[in-house]
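Participant: Provided below are the primary sequence and the corresponding predicted coordinates.
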Amino acid sequence: GDSVTQTEGPVTVSESESLIINCTYSATSIAYPNLFWYVRYPGEGLQLLLKVITAGQKGSSRGFEATYNKETTSFHLQKASVQESDSAVYYCALGRRNTGGLSGKLTFGEGTQVTVIS
Amino acid sequence: EAAVTQSPRNKVAVTGGKVTLSCNQTNNHNNMYWYRQDTGHGLRLIHYSYGAGSTEKGDIPDGYKASRPSQENFSLILELATPSQTSVYFCASGGQGASAETLYFGSGTRLTVL
């Protein structure tokens, strides 16, 4: 089946430093799945951070970027300069092929806890 | 603002007892989902629904039932709770078509089965 592996947490980063969270995937149900980063801030539910549906393209949101690399089956999340408000759990995910088309039946990584310290 | 509300936030249950986790969404989405997350695992899909009156099995449905009595409400039911069902449970709603993979999650229910 499909699987997602991401940087094991917890990760601690100093404010204004750079952050990279690695994500690699294995997709057996679909050759080029849609890829996502979700984020869960303390006390809140997961929310979509960014998505990329075309191999080779880059997505960006809130200063974060991720590039869909089909050769290395990777979708690493990066930010050049983090802030304390970026402290959260980050989840990489992929969409699956379904007979009915796109759906919310996603395959998630285990999440990476990131703490930004001042 | 889209909203998904789960209740209770925390629950302690005894082995063999019945547990009902509730979820309400005000997004008017047809699709709703129940996931659980355990240490060392990503979120795993338990049950989902494409609309009122429908429920479908996800990847790990054993030991769980689901109920979708209305567009807004989706419940997860543990008829005979076991310690292995201790976990954090997330409910989500989602649209259709191109936006189907954009999910809106509740803040989770932490369930402990003793």
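Facilitator: Okay, I see it. Numbers count the residues shown, from 1 in each chain, chains lettered A, B, ... in the order given.
Participant: Name the helix or strand for B:Thr20, please.
Facilitator: strand B:19-25 (DSSP states H and E).
Participant: near chain A at all, that strand?
Facilitator: No - taking CB under 8 Å from any CB of the partner chain as the criterion, strand B:19-25 and chain A are apart, separated by no less than 10.7 Å. All C-beta spots, glycine's among them, are computed from the backbone N, C-alpha and C.
Participant: Need the CA coordinates for whatever helix or strand comes next after that strand. PDB is fine.
Facilitator: Downstream of strand B:19-25, the first helix or strand assigned by DSSP H and E is strand B:31-37. Extracted in PDB, the C-alpha atoms of strand B:31-37 (Å, rounded to 0.1, in the frame of the first residue of the first chain):
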ATOM      1  CA  ASN B  31     -17.900  14.000   3.000                       C
ATOM      2  CA  MET B  32     -16.800  13.300   6.600                       C
ATOM      3  CA  TYR B  33     -14.000  11.100   8.000                       C
ATOM      4  CA  TRP B  34     -12.800   9.600  11.200                       C
ATOM      5  CA  TYR B  35      -9.000   9.100  11.600                       C
ATOM      6  CA  ARG B  36      -7.000   8.000  14.600                       C
ATOM      7  CA  GLN B  37      -3.400   8.800  15.400                       C
END
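Participant: Adjacent strands (with direction) for strand B:31-37?
Facilitator: strand B:44-49 (antiparallel), strand B:87-94 (antiparallel) (DSSP bridges).
Participant: Mind giving me the packing neighbours of the very next helix or strand once past the longest one?
Facilitator: Counting by DSSP H and E, the element after strand B:87-94 in chain order, helix or strand, is strand B:103-105. In terms of contacts (3 or more CB pairs under 8 Å, 6 or more residues apart in numbering or on different chains; DSSP states H and E), strand B:103-105 is packed against strand A:47-52, strand B:87-94.
Participant: picking up where we left off before, of all the strands paired with strand B:31-37, which one is nearest A:Ser87?
Facilitator: strand B:87-94 (18.5 Å; CB to CB).
Participant: so the closest one versus strand B:19-25, what angle?
Facilitator: With axes from the mean of the first three to the mean of the last three CA atoms, to 10 degrees defining the directions, strand B:87-94 sits at 30 degrees from strand B:19-25.
Participant: What's the mean pLDDT across strand B:87-94?
Facilitator: Across strand B:87-94, pLDDT averages out at 97.
Participant: what does that strand rub up against?
Facilitator: The contact list for strand B:87-94, computed with CB atoms under 8 Å, 6 or more residues apart in numbering or on different chains, reads A:45-46, A:103-104, B:2, B:4, B:6, B:21, B:23, B:25, B:27, B:29, B:31-38, B:43, B:46, B:74, B:76, B:100-106, B:108-111.
Participant: I'm done for today, thanks for sticking with me.
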